[in-house]
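Asker: model the structure of this input:
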Amino acid sequence: MKPGYRTQGLVALTLTLGAFMGLCAGCGCWGKKEEPVQVAVLIESVPESGASVLMAGHDQGYTPVTIYGLQPGSYEVIMNLDKYRRKIETITVTEAVEQKFTIEMEPIVGDVSISSTPEAEVFLDGELIGKTPILKKVLQVGSYSYEIKHPDYYPVKKDFLMEENFKLEFEHELRPMESQLTVTSRPSSANIWLNNIAQAQRTPASIVLRPGRYLVSVHSDGFVQADSMVVLEANAPQTVHLEMSAGKVPQGMVLIPAGPFTMGTNEQAPDERPAREVYVPAFYIDRFEVTNQAYKKVVSSHTFPKGQDNFPALGISWTEALRYCEAIGKRLPTEAEWEKAARGSDKRIYPWGDIFSPQMSNTKETELGMPTRVGYFYATPSIHGCIDMAGNAYEWVMDWYDAYPGNHDVTKDYGQIFRILRGGSYLTEKFEARTSARHFDRMDSGRRDYGFRCAMDARE
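Answerer: The predicted structure is shown next:
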């Protein structure tokens, strides 16, 4: 055999084997190529479903959602849900055919605090969450509504919007439900006053009122006015019965009987000296300072803050006070009358006695910084039953500011220059509220704490 023949045979054999192997590969008889693994992945969100899912570069829908045809590997999942923070999380998909991933969403929150006076139950979107105060309750962003309920007060409803990182605070003064006050008297058919404001009804009568303190007064001609302080609670009916004694004392006034008393003192300011005995004939004096309501009936131009009808009329000059008294058939008390009505015959330092307490009158020590309604300090009357003769309003009297008989001090202020005021006010300290203390000013001065009460002659 020639050498060239052997080479040609080997080439032919190689080609034949190659063709055979290719044929086998095509028909699958030689070997089989592996297919990639196909995985189904379930994506869930907590605590709520409905989050949008972005994965493998495509929007996959909303949780819970199953994604098919994934191959094993790591994937970035981006999830969005209203009222929750955007969540990005990497998951690792294995070769398991079915897999589940639960992704926790972080809510966007703020907090709310709710307080009320008095304490009451709080319902948030209709669900009881406790009693006030509710402090820093964490809420997810969104719209809410709460209601505050108390059996004796009107409920309060409020809608609010919570936004991210808001710290909301709500305070409520609950409005109490009205109460029924029944007023009876002996004798009956008496006129009724509540906190010195005349009422249309006569006894017996039932009056619907807001809770609070009420000075209840009744009066009939030929009888002495009777009073009682009543504290009405919310939604709690109450009855008060008042007995009147016979006597011809004008309504709203008290009788100061004739007789001597010690006027002045040797132990305090120079103008209060000397202490001496003074005889004062019988007279009537108002139990209370003249109110805004009463003053406006005579002086129509008088103005005062809303809701202060039964507060003392203030900013009144001596001249204006005198004109008012004369217009209603009365007069200003003399200085001696005023001191006797406040002090009695036992030389007391204050109308109620010798011990001072800020709770007994409206002076600077009480720290109210404003006048109170007349009769508010009903529990600390003078020995004759006059109210607010210490503090609240300075009160004009008839006299000129002059030295007492036996006082030989010389001062430019004495004489027919200034008129006298007594009793101190809400702007003065307790020293000026003493029964013997004297204050003076021009007749035309109407300082914001100047008021008055009226007097009348009396026959016993």
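Asker: where exactly do the strands run in the stretch 301-450 of the chain?
Answerer: 394-400, 419-422, 439-441, 450-451 (DSSP state E, counting those that start in this stretch).
Asker: check which residues of stretch 187-204 are buried.
Answerer: Using 16 or more other C-beta atoms under 10 Å as the test for burial, stretch 187-204 gives Ala190, Asn191, Ile192, Trp193, Leu194, Asn195, Asn196, Ile197, Gln199, Thr203. Using the backbone N, CA and C atoms, a C-beta is placed for each residue, glycine as well.
Asker: ignore what I typed, I meant stretch 311-330.
Answerer: So stretch 311-330, judged by 16+ other C-beta under 10 Å, has buried residues 311-318, 320-322, 324-325, 330.
Asker: what is the mean pLDDT for it?
Answerer: For stretch 311-330, mean pLDDT is 98.
Asker: among the buried residues of stretch 311-330, which two are most distant?
Answerer: Phe311 and Leu322 (21.1 Å; C-beta to C-beta).
Asker: Val138 and Ser113 touch, don't they?
Answerer: No. Applying C-beta atoms under 8 Å as the test, Val138 and Ser113 come out as separate, 11.0 Å apart.
Asker: sorry, back to before: now, which of the buried residues of stretch 187-204 sits nearest His241?
Answerer: Looking across the buried residues of stretch 187-204 and measuring by C-beta to C-beta, the closest to His241 is Thr203, at 9.1 Å.
Asker: my read: that closest one touches Ser185, true?
Answerer: Yes. With contacts counted by C-beta under 8 Å, Thr203 reaches Ser185, the gap being 4.1 Å.
Asker: hey, what's the spatially most central residue of the chain bridged with?
Answerer: Centroid-nearest residue in the chain: Glu173, 4.8 Å away (criterion: C-alpha atoms, centre = their mean). Bridge pairing for Glu173 (DSSP bridges) gives the partners Thr117.
Asker: my read: it touches Ala120, true?
Answerer: No. Applying C-beta under 8 Å, one finds Glu173 not in contact with Ala120, separated by 11.2 Å.
Asker: anything in contact with each of Thr203 and Ser185?
Answerer: Val218, Leu242 (C-beta atoms under 8 Å, 6 or more residues apart in numbering).
Asker: quick one: low-confidence ranges for the protein?
Answerer: Residues of the chain meeting the criterion pLDDT under 70: 1-35, 460.
Asker: what about 90?
Answerer: The chain contains residues with pLDDT under 90 at 1-38, 56-57, 69, 196, 409-410, 459-460.
Asker: can I see the domain layout of it?
Answerer: Annotated domains of the chain cover 39-104, 109-173, 179-243, 253-457 [automatic domain parsing].
Asker: end-to-end on the last one?
Answerer: The first and last residues of domain 253-457 sit 12 Å apart, counting by C-alpha to C-alpha, to the nearest Å.
Asker: just the third one next, same as before
Answerer: End-to-end distance of domain 179-243: 23 Å, with C-alpha to C-alpha as the criterion.
Asker: with the first one instead?
Answerer: Terminal residues of domain 39-104 lie 23 Å apart, using C-alpha to C-alpha.
Asker: hang on, the earlier thing: closest one to Pro270 among the strands of the stretch 301-450 of the chain?
Answerer: strand 439-441 (13.2 Å).
Asker: mind listing what that closest one pairs with, with the direction of each?
Answerer: For strand 439-441, pairing defined by DSSP bridges yields strand 419-422 (antiparallel).
Asker: residues in contact with the strand it pairs with?
Answerer: 318, 335, 338-339, 342, 389, 394-401, 437-443, 450.
Asker: with stretch 81-91 instead?
Answerer: Under C-beta under 8 Å, 6+ apart, the answer for stretch 81-91 is 41, 45, 48, 50-52, 74-80, 101, 103-108, 140-142.
Asker: buried ones among these?
Answerer: Here, 16+ other C-beta under 10 Å leaves Val41, Ser45, Ala51, Ser52, Tyr75, Val77, Met79, Phe101, Ile103, Met105, Ile108, Val141 buried among the contacts of stretch 81-91.
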